[in-house]
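S.K.: Build me a structure from this.
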Amino acid sequence: MLAASAEQQQSADRFQPLRRPAARQFHGQDLTPDEVTWRPHENSSAIGWHLGHQAHVAHFMIRNLTAAEPSPDPELDGLMDSANLEKFRGALPTVRRLTTFRDTVAERVHARIGDIATGKVAAPTQLTIVVTHLLTALINHEYQHDQWISEVRADNLGHALPPDPASDRLSRIDGYLVLNPYA
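M.R.: I've put the predicted structure just below:
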């Protein structure tokens, strides 16, 4: 087993505070199951769909770029795919199932990043580069959907939002919170 280089560990550690943007808006803390599944209109997606889609994308990106592994919930794969038109995104799983799906994907992502950071993979240096860019893409994808969730929460459901995460690598571009790892 290879020991993690300082650069590999730094790469994994620097994203730790930024990994869970949507978590600040979810976990059933202040949204009812009806609010999680409510859709502003037929051609929009419910908050629950966005939360499931975030995990779906994270699973597929990690799986396809760093580790082949089965889906934690294959029945959700088709539903959470953005290739489906919004009008076909109505039949969502329960909040419990959605939460389990998100938690399982998050655990797998963190475990794979940990394996890469500690050199427990065949090509740790190459995968460190891959996962650094992958995490940036995943985080920015989460923030993209987080923006829509925020607007529905505030404008349609009357829920206040916690403040944005604090980091010198975060800024707003075109109204979206964006991670810039080069800042």
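S.K.: list the contacts for Pro33?
M.R.: Thr94, Val95 (C-beta atoms under 8 Å, 6 or more residues apart in numbering). Glycine gets a C-beta too; all of them are placed from N, C-alpha and C.
S.K.: helix, strand or coil for Gly90?
M.R.: coil (DSSP: H, G, I helix; E, B strand; the rest coil).
S.K.: so where does the nearest residue to it once chain neighbours are set aside fall, helix or strand?
M.R.: Using C-beta to C-beta, 6 or more residues apart in numbering and skipping residues adjacent in sequence, the residue nearest Gly90 is Arg39, 6.7 Å away. Under DSSP states H and E, no helix or strand contains Arg39.
S.K.: Hmm, Arg39 is touching Ala46, no?
M.R.: Yes: using C-beta atoms under 8 Å, Arg39 is in contact with Ala46, at 4.8 Å.
S.K.: got any residues that touch both of the two?
M.R.: Among the neighbours of Arg39, those also in contact with Ala46 (C-beta under 8 Å, 6+ apart) are Arg89, Gly90.
S.K.: where's Gly48 relative to Leu31, distance?
M.R.: Separation of Gly48 from Leu31 (C-beta to C-beta, to the nearest Å): 9 Å.
S.K.: So these two - more neighbours on which side?
M.R.: Ranked by neighbour count (other C-beta atoms under 10 Å), Gly48 and Leu31 place Gly48 first, with 26 against 21.
S.K.: The more buried one and Asp34 touch, don't they?
M.R.: No: Gly48 is not in contact with Asp34 according to C-beta under 8 Å; the separation is 10.3 Å.
S.K.: chain center to the strand or helix carrying Ile116, what's the gap?
M.R.: Secondary structure from DSSP H and E places Ile116 in helix 95-117. Helix 95-117 sits 9 Å away from the centroid of its parent chain (C-alpha atoms, centre = their mean, to the nearest Å).
S.K.: same question, stretch 127-139
M.R.: Distance of stretch 127-139 from its chain centroid, counting by C-alpha atoms, centre = their mean, is 13 Å.
S.K.: Would you mark the buried spots in stretch 93-111?
M.R.: Pro93, Val95, Leu98, Thr99, Phe101, Arg102, Val105, Ala106, Arg108, Val109 (16 or more other C-beta atoms under 10 Å).
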